[in-house]
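Novice: Next input, structure requested:
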Amino acid sequence: MFSSPAPNRRGARAAQPSSRQGTPRVSPQNPHPRLGHALPQANSRIPASASVRYGAAPPPPMRSLVDAVRDQEMDVDNQAPTVEQSEMLGTDVLAHRPELSVSFFASLPLEVQQALRSTDLATDAYSGTVDSATGFGLIISLSTCFVWNCAKRGLGSSTCYIFPAPDFRHADGAPTHLIIPVASIVPYSSSREPGLIVCSATGEVRFWDSIAPGLAGAEKYHTTRLPVSADEYVTALYRCEPFTYIATTTFGRLFRLTITTVSGKSQVIAAPFTRSQSVFSRVTSTFFSSASASVETGAVAAVAIGQGSLRDGRDIWVLTERLLQKWRISGDSWEQVLLEQDIRPLVCQALAANLAHPETMSTSAFELEFLAVESTRTQELIILVSYSGELDPSSLTSGQFVRSYAIICMAAAAGSLEAREVHILPYRKARDTRPASDPRMILVGEGVVAFVQFSDAASVISLADDSPFRETLVLKDPWDRMLGFGQLPHQERNDTAEITVTTASRGLLTFRMDLAKIHGSHPDTPTNHLKATMEQAIFFGASLENPFLFRLEPRLEGNLGAAAERISQEILSSRCEFMRATLDLRAQLTDRCTRLRSLIGFINENGALGQLSQTSRQRLAHDAEKLFAANNLWAYHNKYPVDVLSQRGQSRNLLVAAIERYMHKTGEAIGGDFVRLFFKTKINDIGALCEEIYQIVQGASSPYEQSQDWTIIVPEASRIVLNLYESALHHRAETSALYGIDTKAPFIERWSGLPVQLDMLQLLFDSTSHLLQEASQNANPVYDQRDRNTAAQLKLQLQELAAIVFSSFRDRLSYLTNLPAEEGNEREMVALQDRFANTRPQVARALVKYDSAEKAFQLAEEYRDFRILAELSNEFSESSGHRTARYIELYREDFAYELYQRYIEKGKLRILLEQDEKYNELLDGFFRNNSYPRIEWIHDIATSKYHEAGRVLLGEAQNEPKLASKHIMLSIAKLAVVATLPNLDTDDAQEYLGTLDEPLDFISVHETLLAEFTGALGLNARSTPEGQAEVVTSTVALHLSDRPALQALFKRLAKALFQGKALQEEDLVDLLTLKDNKNSAGDFHTALGVLLRANNLPEARHQTALRNIWERVYTHDNWDRLRSTSNLTDENLNDLLRQTTLYATIQLCHQADHPDAYILPPTVLPAPSNAEIAARFSDLAAAQVEGLEVDYQLGRQRVKALVRERDLDKWFERVVMLEQADRSSGSVGDDTESDH
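Specialist: Residues are numbered from 1 along each chain as shown. Coordinates of the predicted model:
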């Protein structure tokens, strides 16, 4: 059967005829009658207007030359394999699911291919079908009809029978390119070739009772004409029985075409349907032979041939634009309308119930269009409709409104029809404006599965209540088309059904449906549906020969990452059902690699990469990386099979041994080819394979088991591991962008960064270094006897292992960095960071040692280890000066600071300070970020930053322990500051210089004391500092003889002074005030001045030092001399008071503008506590601290005794008043000190 489309509306179709094709019902439950019937005799009900003429005589009954050629071709076809055999022989599978598979069946005849290549399917009408009764295929255009036997496939192109189509006579201005003839194969018995009937859109019928003439022009045929109106067109041709056909028109009329024999010649008799009166008819009986009937019914959309036969009366269902009619026809040219109903309201109501907002939809809003109708054995009607009930936003941009498609299941109830179920098809698209592009439908599996063919897609949908299966396959090429379909003989059994579809680009395709699995299917979760779609794409869609487009919906439902990861894992472990079985493991591994790359490629092509989390992307890349590495490892194993010696002297392959150890642990190394089994199913555990290699090497490297085999095992293990790692790293680098890996995102735990892998890699590196050391020392004679273990090979392995060691550490650290902040994770990360920091220089030194310095430089650059770069640059400074300069320019502070640090550590200060001027800024930054003031000030002076140099020297001088160095620093600092002052005579300049003079004055106090002490040495001037201190203590600190702790303190401080140390302020105060001061009472005031400038001293210790000074001032004078005042005038007494140390100290304090708080009366001098003493002398033992505490208390007690017994407090007041009076009168007291 073959048919053309019916128009939607009579007016519209008259102006622009469409090309909807009617569809016969083809199912095993209602098959066409067996062929081989005799031709019926001519019927008397032939209208006078239906003239009959012959264009040529029918073929003679004898066999002609053409018959012989045709039979020979049929004999060859009979030897071709069946469909089932073809699948077993490896027919190209284009799509596959458990319920549905599509495979290539056969190519189109060369004549058809040439015709299709030379035409534009966007404007030229082509349509076709596959005849279910004969197995012949048919494709027709406006001018030509092609017929060939597609049920039998030969090795070459099928024989093609070519027939001229009837001329298309039309009214002026009619769009002829949209109207093509309708045609059908005429079946006979299996021993006779079929015939062909063709009818033009204007009603001209041509009949060939055999297709044989199609080999020689087909100029002889029988012809007749249907009585259609001037603007009425034939739209479809349906086979009711082998020799009875029904033609439909745009006016809604039906014609019966009967093939019969008149005078021994085959001919076609055509007659219109009539409405016979019947109590069952729902309309008035009238002859339905006039064009006015179209006003009531509209154009015929489709016809369904019901059960029964013409002899007993056969039901047919006619679907028009407006009505559904049920006719009963018989073999005596009798027709009767049993039912006629407008089903549009029923269909719209049923559709509205399945929409999101049914209350907003009206009947007119649906723009309903009937497309096809089929009937089931249970008299249920299956109707295919299209509608525009819901607007697709994407259609607004394209300017076309999307049409949706649905199947309506209707059944008769109480004399009328009702819609029972609605099945929305998984297909939506704007109306296809190409000719002959309306959808068609066929039912299979007792009517529970519908197959719908669109111009660019095919849908299979289950109509059973308990089966949700639905699938749509879309053509990828927008210029490709599905031209028709049908069932070949015996293509449906109880459990399967096959539909053969004709495509313009790929020829005949077989859609094979497993009815049992379709019936037993369960609702697909969105994730499972995504998985199925991606599987189709990567296993079938990647081929350029596959005409179908597999794609993801713009709005994804389900977890794309989970679906992709499941596919990846199934491919990795060879558990995917779509993988082809092969004995060639290399081909199988390569195919699996290709599939994984196709998986991420498909996701990228659909713009869905953003739907994958970084974790999913990394897992997919990780799987592909393992498979790629395993593929290369298998290639290496086959190309370089290296045997190593076991302890038993047997030759074995290291890789095989490692795999065997692993497979034994999994319990799968019992017989069979466990090596191939590993590469097929265990690649996911490739890290465990490395662990086995590690254990083998570790055992061979132990002191108790090390033998000559070790020199072979280590290099071979390194080759295997390097093959794996370098393949993985290469794949990682090449595909990082493809997978969209964000290097800043958290990383999954990679196999290459597991702790055991780090141990293995370091063992291999260390072992290789050891082998090189043995080679250099010629300590292993076996080494020289093996060509493959030459020094050059080992050095190359050492370089490659170094790179892998660094990479694996980075992998592990990247993983640990992004783990939750738990104690165990942080502890491991800190330990690993320390281990990596220690490993890097060790690896670099080994590389340098074995002539691989360039590799060390390269790794340090890659991992931005500027410490190693600086060390290498420093070591090769003479030969790599240009490299050092390049690094400074490239890495700036990162490298320069490490280099400068290295210079300082190695004492290369001259190289550091002689850097090119353009690097002064880097040196400035280095000194700002690192405390090297003793070097920094030199750089500042060299760069004329005198003020900075002065600041640095002043700060450094504060902590300088050596007096001479301190003096030099302060002097240079003052000179540097002076160099920055434009005018030294200003008040600000003098004030600033005064602040610089204070630390220099502090140095002067040291020098004065040292000069005094040196003068007291006499002949002991050249003794040790300790001896000098002993002499000085016994000479200038005699009054300390009863206070041993303070005496020891004085000796200790004097020794430090003789050693050239710079004393702290408290120490200097003690030296100035603990000595006898017989001729230098002014030193008490000097001590006050030193204490006044001790800004960094804690307040408590500051007060203690101040009290110590005044205690020693009070006890220095002879107050007994003033006790007797007889015979003394007031002036005499005042003169005596002016000669006291107390008066002189107070007077000097006022002259130096010391604060009044610095003058303490004798009544407020508490002794320091033990804690205060211990805070100052933290290096003394507890007993020494207690001794000082006793001596301090003794001094305070003496002051208290003077207050109590000598009225010291009153004399203090008298001295204060006297000094104030003298200061007010401008007189200067006598500085003569008392004798005591």
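
Novice: distance between the ends of stretch 506-521?
Specialist: End-to-end distance for stretch 506-521: 30 Å, by C-alpha to C-alpha, to the nearest Å.

Novice: I misspoke; the intended subject was stretch 139-148.
Specialist: 9 Å.

Novice: And it, what's buried?
Specialist: Neighbour counts using 16 or more other C-beta atoms under 10 Å place 139, 140, 141, 142, 144, 145, 146, 147, 148 of stretch 139-148 among the buried residues. Yep, even glycine has a C-beta here, placed from its N, CA and C like the rest.

Novice: same deal with stretch 1064-1078?
Specialist: Neighbour counts using 16+ other C-beta under 10 Å place 1064-1075, 1077 of stretch 1064-1078 among the buried residues.

Novice: Just to be careful, could you list which of the buried residues of stretch 139-148 are in strands?
Specialist: 139, 140, 144, 145, 146, 147, 148 (DSSP state E).

Novice: before we move on, back to that, Serialize the buried residues of stretch 1064-1078 to CSV and add fields for secondary structure and pLDDT.
Specialist: Formatted as CSV, those follow (DSSP: H, G, I helix; E, B strand; the rest coil; pLDDT from 0 to 100):
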residue, secondary structure, pLDDT
1064, coil, 90
1065, helix, 89
1066, helix, 92
1067, helix, 92
1068, helix, 92
1069, helix, 94
1070, helix, 93
1071, helix, 93
1072, helix, 92
1073, helix, 93
1074, helix, 92
1075, coil, 90
1077, coil, 86
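
Novice: list the contacts for the closest residue to residue 1152 other than its chain neighbours?
Specialist: Ranked by C-beta to C-beta, 6 or more residues apart in numbering and with sequence neighbours excluded, the top spatial neighbour of residue 1152 is residue 1089, at 6.5 Å. Taking C-beta atoms under 8 Å, 6 or more residues apart in numbering, we find residue 1089 in contact with 1001, 1152, 1154.

Novice: Just after the strand ranked longest in the chain, pick out the following helix or strand.
Specialist: In the chain, assigned by DSSP E, the strand with the most residues is strand 416-430. Moving toward the C-terminus from strand 416-430, the next helix or strand (DSSP states H and E) is strand 440-444.

Novice: Just the buried ones from the contacts of residue 1089?
Specialist: Neighbour-count burial (16+ other C-beta under 10 Å) applied to these gives residue 1154.

Novice: Just put the buried residues of stretch 1064-1078 in TSV and tack on distance to residue 753.
Specialist: Listed next are the buried residues of stretch 1064-1078 as TSV, based on distance: C-beta to C-beta, whole Å:
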residue	distance to residue 753
1064	55
1065	59
1066	59
1067	59
1068	62
1069	64
1070	64
1071	65
1072	68
1073	69
1074	69
1075	72
1077	76
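
Novice: nearest to residue 514, of the residues you listed?
Specialist: Nearest to residue 514, judged by C-beta to C-beta, of the buried residues of stretch 1064-1078 is residue 1064 at 98.4 Å.

Novice: how far out from the middle of the chain is stretch 228-248?
Specialist: Distance, stretch centre to chain centre, for stretch 228-248: 60 Å (C-alpha atoms, centre = their mean, to the nearest Å).

Novice: Can you give me the first-to-last residue distance of it?
Specialist: By C-alpha to C-alpha, one end of stretch 228-248 lies 10 Å from the other end.

Novice: residues of it that come out buried?
Specialist: Using 16+ other C-beta under 10 Å as the test for burial, stretch 228-248 gives 228-229, 231-248.

Novice: Okay, and which of the residues you listed map to strands?
Specialist: Members of these lying in strands (criterion: DSSP E): 234-241, 244-248.

Novice: Kindly reformat those residues as TSV containing distance to residue 613 and pLDDT.
Specialist: Output for these, formatted as TSV (distance: C-beta to C-beta, whole Å; pLDDT from 0 to 100):
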residue	distance to residue 613	pLDDT
234	59	93
235	54	92
236	53	94
237	57	95
238	55	95
239	57	94
240	60	92
241	62	90
244	64	94
245	61	95
246	59	96
247	60	96
248	56	95
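
Novice: farthest-separated two in those?
Specialist: Maximum distance among those (C-beta to C-beta): 20.8 Å, for 235 and 241.

Novice: Run through the residues that contact residue 121.
Specialist: 434, 479, 480, 481, 504.
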